[in-house]
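Student: Fold the stuff below for me.
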Amino acid sequence: MIGLLKREKILKNGKEKKDEIRKKAVQDWFPVKDIGDDTILLKDGRYVCALRVWPLNIGLKSESEKKKIIQSMYETLNGLKDTMQIFSIGRPVDLDSYIGFLQSKSKEEVNMTKRKLLQEYLKYVASIVTSGEAIERRFFIMISGKEKEELKVKIYELASNLEKSGLKSDITTDQELIDVLFSFTHPAQAAFEKAPAFNGPYLPPVFESYIKKEEE
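Tutor: This next block holds a predicted model:
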């Protein structure tokens, strides 16, 4: 009898705990407190700034140019004393407007040879879209620090040093930062749409479906 009562108490406590977890929103689990002034404010009080680095094809560079670029990059990143993270995100490219442009050009073209070439190219672009190979890969460097203004100076210095290495980069805006975080919190949605263009709450609860699977 005592064992049965203990078992019921354990089950009851477990159910109460799961009910409590269900009530928690993503904001309670996510380390981000706010986004503003092109920075992320974390719950531990640190700030994060990010650079979007545009890819550079060094395949056509000479060996000496390749070594110079790589060495310059190494020195730039090695000189950073702050916490740094480098990552890339692959996302499908929306080519609908481009396909529409090609279709209108094909209809307007009076030269039959040019029209045929346009139609062939249109088929090629459409095949890339349907195959899922139209992927845009975005590269980011993130650094964090306790003082926001000091951190912003460092991110601008980093962008300047990268430019000396031959790499173009941009300071990420608030909306771009939200878009990056959206890619991690909503990977399925981020594969075909951007983050909502408004201020929070923009992170709805997503844990209930996971808990239901655990119960099953």
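
Student: residue nearest the centroid of the chain?
Tutor: Central residue of the chain (C-alpha atoms, centre = their mean): Val180, 3.1 Å from the mean position.

Student: That residue touches Val48, doesn't it?
Tutor: No - between Val180 and Val48 there is no contact under C-beta atoms under 8 Å: 10.4 Å. Any C-beta I mention is one placed from the backbone N, CA and C, and that applies to glycine too.

Student: Glu176 reaches Leu51, doesn't it?
Tutor: No - look at Glu176 against Leu51 with C-beta under 8 Å: they stay out of range, at 10.5 Å.

Student: ok, which stretches of this structure are helices?
Tutor: 2-23, 26-29, 63-78, 96-108, 112-131, 148-164, 174-185, 187-190, 208-215 (DSSP state H).

Student: looking at those helices, which has the lowest confidence?
Tutor: The minimum mean pLDDT among the helices of the chain belongs to helix 208-215 (a mean of 41).

Student: Mean confidence (pLDDT) on stretch 33-41, please.
Tutor: Stretch 33-41 carries an average pLDDT of 88.

Student: Please list the residues outside it that contact it.
Tutor: 32, 42-43, 47-50, 148, 151-152, 171-174, 177-178, 181 (C-beta atoms under 8 Å, 6 or more residues apart in numbering).

Student: What of stretch 84-100?
Tutor: Counting by C-beta under 8 Å, 6+ apart, 77, 122, 125-126, 128-129, 132, 134-143, 180, 183, 190-192 sit against stretch 84-100.

Student: Quick check on these: which are buried?
Tutor: 122, 129, 138-143, 180, 183, 190 (16 or more other C-beta atoms under 10 Å).

Student: Of these, which is the nearest to Gly59?
Tutor: Phe139 (16.7 Å; C-beta to C-beta).

Student: wait, isn't that closest one in contact with Arg52?
Tutor: Yes - contact criterion C-beta under 8 Å: Phe139 and Arg52 qualify, at 7.0 Å.

Student: Might you report the residue contacts of Tyr156?
Tutor: By C-beta under 8 Å, 6+ apart, the contact set of Tyr156 is Ile171.

Student: Are any of the contacts of stretch 33-41 buried, and if so which?
Tutor: Buried among those (16+ other C-beta under 10 Å): 32, 47-50, 148, 151-152, 171-172, 177-178, 181.

Student: now those in JSON lines, with distance to Ser165?
Tutor: Formatted as JSON lines, these follow (distance: C-beta to C-beta, whole Å):
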{"residue": "Val32", "distance to Ser165": "30"}
{"residue": "Tyr47", "distance to Ser165": "25"}
{"residue": "Val48", "distance to Ser165": "23"}
{"residue": "Cys49", "distance to Ser165": "19"}
{"residue": "Ala50", "distance to Ser165": "18"}
{"residue": "Lys148", "distance to Ser165": "26"}
{"residue": "Leu151", "distance to Ser165": "21"}
{"residue": "Lys152", "distance to Ser165": "21"}
{"residue": "Ile171", "distance to Ser165": "17"}
{"residue": "Thr172", "distance to Ser165": "19"}
{"residue": "Leu177", "distance to Ser165": "24"}
{"residue": "Ile178", "distance to Ser165": "28"}
{"residue": "Leu181", "distance to Ser165": "27"}
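
Student: Let me know the closest of those residues to Lys81.
Tutor: Leu151 (12.2 Å).
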